[in-house]
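Chemist: Below: sequence and its predicted model.
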Amino acid sequence: MLKICHHPLIEVKLSIMRDAKTKSKEFRESLDEIGSLMTYEVFKDLEVVESKEKMLLPTGVLLNKKKLVNKIVVVPILRAGLGMVDGVKNMIPTAKVGHIGLERDEVTLKPREYYFKLPEVENPLILIVDPMLATGGSAVAAISAVKQRGFTNIRLMCLVGVPQGVEAVQNAHPDVDIYLATMDEKLNDKGYILPGLGDAGDRIFGTK
Ligand code: PRP
Ligand code: URA
């Protein structure tokens, strides 16, 4: 399943991020905010139950607290994926965070895993996050890495995608739902998304 999260607030914040004049601070803040807005959509179908814990309301009524059934683990693809973690955590403070580090092997040009760590959570719902879904190579490799460790309940949340990247993920992992803020047009000859927003990692961390 592919879901494009259409929302006027997302559209306006994304156009701020696309602007080459936008500085790293505002770029990161906009990414946080879009991450939170998208989290609302990504987890719309989650089940909520009453916990055993009681709470006293200001009106004197006693009620059971409510909680999510699923235990959420957010997994950013390093580096740029880190920029989407706070947006999710602001909405789901109980979510735990894992990390996947991928880099392009200069010989094979395929993504190579250099770091992998997930928190110990039983039966988690894993949300892999990365702002850019370009060729899809990184997302496909990240999902494979998570599946190799035995996890099956996985969703992918990216900001900007292109049809090529979406197709690559859908072909390799048809069971993984993909959420985007926008579907852009195409890749350029360097594998960058057009119109896109440039190098997300560099703009988040101010490395260029
Ligand atoms: C970017 C982006 C994705 C990847 C997308 O990371 O954050 O991880 O490229 O491209 P793909 O779909 O073609 O794999 P990059 O390799 O620039 O590393 P960075 O996050 O460290 O900047
Ligand atoms: N990675 C980026 O950071 N930007 C793109 O447009 C494509 C891959």
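Modeler: Done, it's in. Here the structure is a predicted model, which means the values were calculated and not measured. Ligands and ions are numbered 1, 2, ... in the order given.
Chemist: P131 - how many residues pack around it?
Modeler: 28 (other Cβ atoms under 10 Å). The way it works is simple: take the backbone N, C-alpha and C, and place the C-beta from them, glycine included.
Chemist: Where does pLDDT dip in this protein?
Modeler: 109 (pLDDT under 70).
Chemist: what are the ranges of the helices in it?
Modeler: 8-18, 24-42, 85-91, 137-148, 163-172, 200-205 (DSSP state H).
Chemist: Just list what the first one packs against, helices and strands only.
Modeler: Helix 8-18 is packed against helix 24-42, strand 154-161, strand 177-183, with contacts defined by 3 or more Cβ pairs under 8 Å, 6 or more residues apart in numbering; DSSP states H and E.
Chemist: out of these, deepest packed?
Modeler: Ranked by mean neighbour count under mean count of other Cβ atoms under 10 Å, the helices and strands packed on helix 8-18 are led by strand 154-161, which reaches a mean of 26.
Chemist: what inclination does that one have with respect to helix 137-148?
Modeler: 170 degrees (axes from the mean of the first three to the mean of the last three Cα atoms, to 10 degrees).
Chemist: can you list the residues of the chain near ligand 2?
Modeler: 80, 132, 134, 191-193, 196, 199-201 (Cβ under 6 Å from any ligand atom).
Chemist: Now the buried members of those.
Modeler: 80, 132, 134, 193, 196, 200-201 (16 or more other Cβ atoms under 10 Å).
Chemist: Closest one to K89 out of those residues, please.
Modeler: K89 has its nearest neighbour among those in A80, at 16.5 Å by Cβ to Cβ.
Chemist: who's in contact with that closest one?
Modeler: 130-132, 200-201, 204 (Cβ atoms under 8 Å, 6 or more residues apart in numbering).
Chemist: CSV for these, including distance to ligand 1?
Modeler: Listed next are the contacts of A80 as CSV, based on distance: Cβ to the nearest ligand atom, whole Å:
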residue, distance to ligand 1
D130, 5
P131, 6
M132, 4
A200, 5
G201, 2
I204, 8
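Chemist: Which member of these is positioned nearest I10?
Modeler: P131 (12.9 Å).
Chemist: Spit out the contact partners of that closest one.
Modeler: 31, 80-81, 83-84, 158-160, 197, 200, 204.
Chemist: Next, give me the two most distant ones among those.
Modeler: Using Cβ to Cβ, the contacts of P131 reach their maximum pairwise distance at G81 and L197, which is 14.8 Å.
Chemist: In terms of packing, which of the two has more residues around it?
Modeler: Taking neighbours as other Cβ under 10 Å, G81 and L197 compare with G81 leading, 28 against 24.
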